[in-house]
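1. Sequence and predicted structure below; questions after.
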Amino acid sequence: MTMIRTYLRASTNEQDAARARQQLQAFVDERGLKIAAEYMENESGASLERPELFKLIAQAHDGDILLTEQVDRLSRLTGANWEKLKGKLAAKRIKVVALDLPTSHMMVADTNEFTGRMFDALNSMMLDMLAAISRKDYDDRRRRQAQGIANVMADPEKKAAKFKGKAEDTKRNGHIADLLQAGKSWTDVQDITKASRMTVAKIAKRLKLEAKLAGVDG
(Lines give C-alpha, C1' and ligand atoms only; values in the text may rest on other atoms or scores of the structure.)
Protein backbone atom coordinates (compact mmCIF):
# COMPACT_ATOMS: atom_id res chain seq x y z
CA MET A 1 0.00 0.00 0.00
CA THR A 2 1.39 3.40 -1.04
CA MET A 3 1.98 5.73 1.88
CA ILE A 4 2.21 9.51 1.85
CA ARG A 5 5.12 10.88 3.85
CA THR A 6 5.29 14.65 4.27
CA TYR A 7 8.61 16.47 4.41
CA LEU A 8 8.80 19.94 5.96
CA ARG A 9 12.03 21.93 6.09
CA ALA A 10 13.17 25.41 7.06
CA SER A 11 16.74 26.63 6.78
CA THR A 12 17.16 28.28 10.21
CA ASN A 13 15.78 28.01 13.72
CA GLU A 14 14.18 31.43 13.24
CA GLN A 15 11.91 30.00 10.55
CA ASP A 16 9.05 27.65 11.27
CA ALA A 17 9.39 24.37 9.39
CA ALA A 18 5.81 23.49 10.32
CA ARG A 19 4.29 26.50 8.56
CA ALA A 20 3.30 24.45 5.47
CA ARG A 21 1.66 21.63 7.43
CA GLN A 22 -1.85 22.97 6.86
CA GLN A 23 -1.33 23.27 3.09
CA LEU A 24 -0.04 19.71 2.83
CA GLN A 25 -2.93 18.42 4.92
CA ALA A 26 -5.44 20.25 2.69
CA PHE A 27 -3.85 18.74 -0.43
CA VAL A 28 -4.21 15.25 1.02
CA ASP A 29 -7.76 15.84 2.33
CA GLU A 30 -8.96 17.06 -1.08
CA ARG A 31 -7.98 13.71 -2.55
CA GLY A 32 -9.44 11.60 0.23
CA LEU A 33 -6.01 10.38 1.30
CA LYS A 34 -4.14 10.20 4.61
CA ILE A 35 -0.65 11.15 5.76
CA ALA A 36 1.20 8.12 7.09
CA ALA A 37 4.18 9.96 8.59
CA GLU A 38 5.62 13.47 8.94
CA TYR A 39 9.30 14.41 8.85
CA MET A 40 10.35 17.92 9.85
CA GLU A 41 13.71 19.61 10.34
CA ASN A 42 15.59 22.91 10.34
CA GLU A 43 18.48 22.33 7.96
CA SER A 44 19.89 24.05 4.89
CA GLY A 45 18.49 22.87 1.58
CA ALA A 46 21.99 23.35 0.15
CA SER A 47 23.32 20.50 2.29
CA LEU A 48 22.85 16.75 2.08
CA GLU A 49 23.27 16.56 5.87
CA ARG A 50 19.55 16.23 6.59
CA PRO A 51 18.76 13.46 9.09
CA GLU A 52 14.97 13.62 8.77
CA LEU A 53 15.02 13.47 4.97
CA PHE A 54 17.19 10.37 5.01
CA LYS A 55 15.07 8.91 7.80
CA LEU A 56 12.08 9.31 5.47
CA ILE A 57 13.92 7.55 2.66
CA ALA A 58 15.05 4.74 4.97
CA GLN A 59 11.54 4.15 6.32
CA ALA A 60 9.74 4.48 2.99
CA HIS A 61 8.38 1.45 1.21
CA ASP A 62 8.70 0.83 -2.51
CA GLY A 63 6.54 3.38 -4.37
CA ASP A 64 5.72 5.64 -1.40
CA ILE A 65 5.08 9.35 -1.96
CA LEU A 66 7.25 12.15 -0.57
CA LEU A 67 4.96 15.19 -0.31
CA THR A 68 6.51 18.62 0.22
CA GLU A 69 5.51 22.27 -0.08
CA GLN A 70 8.02 23.32 -2.73
CA VAL A 71 10.85 21.71 -4.64
CA ASP A 72 13.32 24.04 -2.90
CA ARG A 73 12.27 22.50 0.44
CA LEU A 74 13.74 19.30 -0.94
CA SER A 75 16.75 20.67 -2.80
CA ARG A 76 18.97 23.69 -3.16
CA LEU A 77 21.75 21.22 -3.85
CA THR A 78 24.60 21.32 -6.32
CA GLY A 79 24.06 19.26 -9.45
CA ALA A 80 26.24 16.41 -8.15
CA ASN A 81 24.47 16.23 -4.78
CA TRP A 82 21.05 16.45 -6.42
CA GLU A 83 21.95 13.40 -8.50
CA LYS A 84 22.99 11.57 -5.31
CA LEU A 85 19.66 12.39 -3.65
CA LYS A 86 17.72 11.37 -6.76
CA GLY A 87 19.58 8.07 -6.72
CA LYS A 88 18.49 7.43 -3.13
CA LEU A 89 14.87 8.25 -4.01
CA ALA A 90 14.97 6.14 -7.18
CA ALA A 91 16.32 3.14 -5.31
CA LYS A 92 13.09 3.06 -3.28
CA ARG A 93 10.98 4.24 -6.25
CA ILE A 94 9.81 7.14 -4.06
CA LYS A 95 7.55 9.52 -5.94
CA VAL A 96 8.18 13.23 -5.25
CA VAL A 97 5.06 15.40 -5.14
CA ALA A 98 5.42 19.16 -4.55
CA LEU A 99 2.57 21.62 -4.20
CA ASP A 100 4.37 24.08 -6.51
CA LEU A 101 4.82 21.43 -9.23
CA PRO A 102 1.36 20.67 -10.74
CA THR A 103 2.72 17.91 -12.99
CA SER A 104 3.64 15.96 -9.87
CA HIS A 105 0.08 15.97 -8.53
CA MET A 106 -0.86 13.15 -10.89
CA MET A 107 1.58 10.91 -9.02
CA VAL A 108 -1.02 10.45 -6.24
CA ALA A 109 -3.77 9.44 -8.68
CA ASP A 110 -4.53 5.96 -9.95
CA THR A 111 -3.38 5.78 -13.57
CA ASN A 112 -2.68 3.07 -16.11
CA GLU A 113 0.92 2.03 -16.74
CA PHE A 114 1.38 4.15 -19.88
CA THR A 115 -0.01 7.33 -18.31
CA GLY A 116 1.99 6.71 -15.14
CA ARG A 117 5.24 6.36 -17.07
CA MET A 118 4.51 9.51 -19.09
CA PHE A 119 3.87 11.61 -15.99
CA ASP A 120 6.87 10.05 -14.23
CA ALA A 121 9.16 11.12 -17.10
CA LEU A 122 7.64 14.63 -17.27
CA ASN A 123 7.81 15.05 -13.52
CA SER A 124 11.46 13.99 -13.44
CA MET A 125 12.35 16.60 -16.04
CA MET A 126 10.44 19.34 -14.18
CA LEU A 127 12.05 18.37 -10.87
CA ASP A 128 15.51 18.68 -12.42
CA MET A 129 14.65 22.11 -13.80
CA LEU A 130 13.21 23.46 -10.53
CA ALA A 131 16.10 22.01 -8.52
CA ALA A 132 18.54 23.83 -10.81
CA ILE A 133 16.55 27.09 -10.45
CA SER A 134 16.49 26.70 -6.65
CA ARG A 135 20.26 26.24 -6.58
CA LYS A 136 20.79 29.29 -8.80
CA ASP A 137 18.58 31.38 -6.51
CA TYR A 138 20.63 30.18 -3.52
CA ASP A 139 23.93 31.04 -5.24
CA ASP A 140 22.62 34.46 -6.36
CA ARG A 141 21.52 35.38 -2.83
CA ARG A 142 24.86 34.29 -1.39
CA ARG A 143 26.68 36.40 -3.97
CA ARG A 144 24.52 39.47 -3.23
CA GLN A 145 25.13 39.02 0.51
CA ALA A 146 28.88 38.81 -0.06
CA GLN A 147 28.78 41.95 -2.22
CA GLY A 148 26.74 43.78 0.41
CA ILE A 149 29.21 42.86 3.14
CA ALA A 150 32.12 43.92 0.94
CA ASN A 151 30.46 47.30 0.29
CA VAL A 152 29.87 47.86 4.01
CA MET A 153 33.43 46.91 4.94
CA ALA A 154 34.80 49.29 2.28
CA ASP A 155 32.89 52.26 3.75
CA PRO A 156 34.21 53.35 7.21
CA GLU A 157 30.90 54.96 8.23
CA LYS A 158 28.82 51.95 7.20
CA LYS A 159 31.33 49.65 8.86
CA ALA A 160 31.07 51.54 12.15
CA ALA A 161 27.27 51.50 11.99
CA LYS A 162 27.27 47.79 11.19
CA PHE A 163 29.36 46.84 14.19
CA LYS A 164 27.58 49.23 16.53
CA GLY A 165 24.59 46.94 16.30
CA LYS A 166 20.89 47.52 16.83
CA ALA A 167 19.76 48.85 20.19
CA GLU A 168 17.93 46.28 22.31
CA ASP A 169 14.16 46.67 22.56
CA THR A 170 14.08 46.53 26.36
CA LYS A 171 10.31 47.03 26.61
CA ARG A 172 9.55 44.13 24.25
CA ASN A 173 12.20 41.90 25.80
CA GLY A 174 10.83 42.62 29.26
CA HIS A 175 7.40 41.56 28.01
CA ILE A 176 8.90 38.36 26.60
CA ALA A 177 10.54 37.63 29.95
CA ASP A 178 7.25 38.18 31.80
CA LEU A 179 5.40 35.82 29.45
CA LEU A 180 8.05 33.11 29.75
CA GLN A 181 8.03 33.38 33.53
CA ALA A 182 4.24 33.08 33.42
CA GLY A 183 4.63 29.70 31.74
CA LYS A 184 3.79 30.65 28.15
CA SER A 185 5.28 28.48 25.40
CA TRP A 186 7.85 29.92 22.99
CA THR A 187 5.30 29.73 20.17
CA ASP A 188 2.70 31.64 22.23
CA VAL A 189 5.31 34.27 23.11
CA GLN A 190 6.16 34.68 19.43
CA ASP A 191 2.50 35.09 18.51
CA ILE A 192 1.92 37.69 21.23
CA THR A 193 5.10 39.76 20.82
CA LYS A 194 5.85 39.14 17.11
CA ALA A 195 9.47 38.50 18.10
CA SER A 196 11.67 35.99 16.30
CA ARG A 197 12.29 32.57 17.79
CA MET A 198 15.95 33.48 18.17
CA THR A 199 14.99 36.50 20.32
CA VAL A 200 12.70 34.37 22.50
CA ALA A 201 15.49 31.80 22.87
CA LYS A 202 17.94 34.57 23.86
CA ILE A 203 15.61 35.89 26.57
CA ALA A 204 14.89 32.36 27.82
CA LYS A 205 18.63 31.70 28.08
CA ARG A 206 19.10 35.00 29.91
CA LEU A 207 16.36 34.10 32.42
CA LYS A 208 17.91 30.69 32.98
CA LEU A 209 21.32 32.27 33.65
CA GLU A 210 19.82 34.85 36.02
CA ALA A 211 18.02 32.10 37.94
CA LYS A 212 21.25 30.11 38.20
CA LEU A 213 23.19 33.12 39.45
CA ALA A 214 20.46 33.92 41.95
CA GLY A 215 20.70 30.36 43.27
CA VAL A 216 24.48 30.71 43.65
CA ASP A 217 24.17 34.05 45.41
CA GLY A 218 21.52 32.63 47.73
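-> Everything's here; your move.
2. pLDDT weak spots in the protein?
-> 1, 12-15, 110-119, 121-122, 152-153, 155-166, 214-218 (pLDDT under 70).
3. what residues go with each domain of it?
-> Annotated domains of the chain cover 4-136, 170-217 [automatic domain parsing].
4. what's the most buried one of these?
-> Among the domains of the chain, domain 4-136 has the highest mean neighbour count (mean count of other C-beta atoms under 10 Å), at a mean of 16. Bear in mind the C-beta positions are built from the backbone N, C-alpha and C, glycine included.
5. longest helix anywhere in the chain?
-> helix 113-154 (DSSP state H).
6. Give me the distance from that helix to the chain's centre.
-> 15 Å (C-alpha atoms, centre = their mean, to the nearest Å).
7. what's it packed up against?
-> Here helix 113-154 touches helix 71-74, helix 79-91, strand 95-98, helix 156-164, going by 3 or more C-beta pairs under 8 Å, 6 or more residues apart in numbering; DSSP states H and E.
8. As JSON lines, these with distance to Asp29 would be great.
-> Formatted as JSON lines, the helices and strands packed on helix 113-154 follow (distance: least, C-beta to C-beta, whole Å):
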{"stretch": "helix 71-74", "distance to Asp29": "20"}
{"stretch": "helix 79-91", "distance to Asp29": "25"}
{"stretch": "strand 95-98", "distance to Asp29": "15"}
{"stretch": "helix 156-164", "distance to Asp29": "48"}
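9. tell me the angle the longest helix of the chain makes with helix 79-91.
-> 150 degrees (axes from the mean of the first three to the mean of the last three C-alpha atoms, to 10 degrees).
10. Please tell me how far Asn81 sits from Ile94.
-> According to C-beta to C-beta, to the nearest Å, Asn81 stands 17 Å off from Ile94.
11. ok, Thr2 - contacts?
-> Residues near Thr2 by C-beta atoms under 8 Å, 6 or more residues apart in numbering: His61, Gly63, Asp64, Ile65.
12. Distance to Arg144 for the domains of the chain - can I get that in a markdown table?
-> Shown next, in a markdown table, are the domains of the chain (distance: least, C-beta to C-beta, whole Å):
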| stretch | distance to Arg144 |
| --- | --- |
| domain 4-136 | 12 |
| domain 170-217 | 22 |
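13. What's the separation between Val97 and Ala18?
-> Distance from Val97 to Ala18, by C-beta to C-beta: 19 Å.
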